[in-house]
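Any chance you can model this:
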Amino acid sequence: MNPLIKVLLFPGLIFVSHFTLATITSGQITDAIETPIIIKDLTKAIVKNQNVKNKEVKSNEIQNKEIKNNEIKNEEIKTEQTDTTTALAETPTEPDPQQLLDFIDGLRGYKNQSFTFELSNISFKKNKQKHRNKMTVKVLNNASLVEFTAPARSKGRKILKQAQNMWIRFPGTRNILRISPTQRLLGEASNGDVTGTNFSQDYTATYEGTEILDNKTLLKLNLTAKHDKTTYKQVMFFLDSESHLPLRSDFYARSGKLAKQAYYTKFKEFDGELKLHRMKLVNPIIEGSYTWMMFDNYQKQDLNASIFHKDALSR
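Below is the predicted model:
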């Protein structure tokens, strides 16, 4: 076959039918009338196919764009969730003031359990001889009985506290005198300081935030008296932010004046429970005036309620 005919017969370029009119010169096909028509149809097909392909490409681009947008949105949502989680994690939880107060009370006794402990006081004043006394303290709920064991001149003295009332009986006499918990007992220690304390019964606690003291973050717990028979009108505790152990407390009188400061220097375990072992009371006005209070031998005991009555003091 003639090469030209081969080219013209290339599929898609010419369609031979009874409608085809061709001019033959020197035995060769030189023209085909329908060829332009066929090419035009083929061009339309090619354009159509290209349009389909373009639409497919455009569709794919749209899909890819939608996928990318979805990925961006998902990433934004994930970031927002992470930021929210981080914000929640960084937001400190404010401590419960009543729980802190219950913890402080637990360092001086046993909740809903009668108990005893031994107490020694040593008072120091500038340029004066130091003074000592020792006593045994028995506690049942909101009642306390203090019995002096030393020095000899004080042995046999008793102090009874019932709720907000307090009495004292001196050895060698049957007279019972009403006293105030704010009266000084020895040095900076008052009558109310030596009895078993239960701040939860007499004070309302509020959390006052934190304070930096000696490069250490401390929690501030403010106690406000519920009635006018408390030893102090207000007490401000400064607690370790991690252990919640008290490091210092400021005691304010009815006048609003700072009466004394307490420094909690040592704690000790008794029967597996942590208790206050040593405390220093400081006079904020008189330099060199302070009193050490040492708590020891905490023991849970079943105590007879009859010994915590006023009439029992004279026996």
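
what residue ranges in the chain are flagged as low confidence?
The chain contains residues with pLDDT under 70 at 1-92.

80 instead, please
1-92, 196-197, 315 (pLDDT under 80).

How is it divided into domains?
3-33, 97-314 (automatic domain parsing).

just the ones you listed: most buried one?
Comparing the domains of the chain by mean neighbour count (mean count of other C-beta atoms under 10 Å), domain 97-314 comes out on top with a mean of 16. Glycine gets a C-beta too; all of them are placed from N, C-alpha and C.

how long is it end to end?
Terminal residues of domain 97-314 are spaced 41 Å apart (C-alpha to C-alpha, to the nearest Å).

Can you list the strands that the stretch of helix or strand F295 belongs to pairs with?
Under the criterion of DSSP states H and E, F295 resides in strand 290-300. Applying DSSP bridges to the sheet, strand 290-300 is found paired with strand 115-124 (antiparallel), strand 273-282 (antiparallel).

I'd say K126 and N283 touch.
No. Using C-beta atoms under 8 Å, K126 is not in contact with N283; the gap is 10.2 Å.

Under a three-state scheme, what state does the residue nearest the centre of the chain occupy?
Centroid check for the chain by C-alpha atoms, centre = their mean gives T93 as the closest residue, at 4.1 Å. Put simply, T93 is coil when judged by DSSP: H, G, I helix; E, B strand; the rest coil.

In JSON lines: the strands paired with strand 290-300, plus distance to G106.
Formatted as JSON lines, the strands paired with strand 290-300 follow (distance: least, C-beta to C-beta, whole Å):
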{"stretch": "strand 115-124", "distance to G106": "11"}
{"stretch": "strand 273-282", "distance to G106": "8"}
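
Among the ones you listed, which comes closest to R169?
strand 115-124 (18.2 Å; C-beta to C-beta).

nearest to P97, of the strands paired with strand 290-300?
strand 273-282 (19.6 Å).

Only alpha carbons, please: show the closest one as CSV.
The C-alpha trace of strand 273-282 is given here as CSV (Å, rounded to 0.1, in the frame of the first residue of the first chain):
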residue,chain,number,x,y,z
GLU,A,273,0.2,10.4,113.3
LEU,A,274,2.0,13.7,112.9
LYS,A,275,1.6,16.1,115.8
LEU,A,276,3.0,19.5,116.8
HIS,A,277,6.1,18.9,118.9
ARG,A,278,7.7,22.4,119.4
MET,A,279,6.4,25.9,119.1
LYS,A,280,7.9,29.3,119.9
LEU,A,281,5.7,32.2,121.0
VAL,A,282,7.2,35.6,120.4
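
List the neighbours of it that are in contact with it.
Contacts with strand 273-282, where a contact means C-beta atoms under 8 Å, 6 or more residues apart in numbering, come from 106-108, 110, 117, 187-189, 193, 260-269, 289-296, 298.

Report the separation between N215 and K233.
Between N215 and K233 the computed distance is 31 Å (C-beta to C-beta, to the nearest Å).

returning to that earlier point: distance from the strand holding F295 to the middle of the chain?
30 Å (C-alpha atoms, centre = their mean, to the nearest Å).

Now do the SS call for D105.
With three-state DSSP as the criterion, D105 reads helix.
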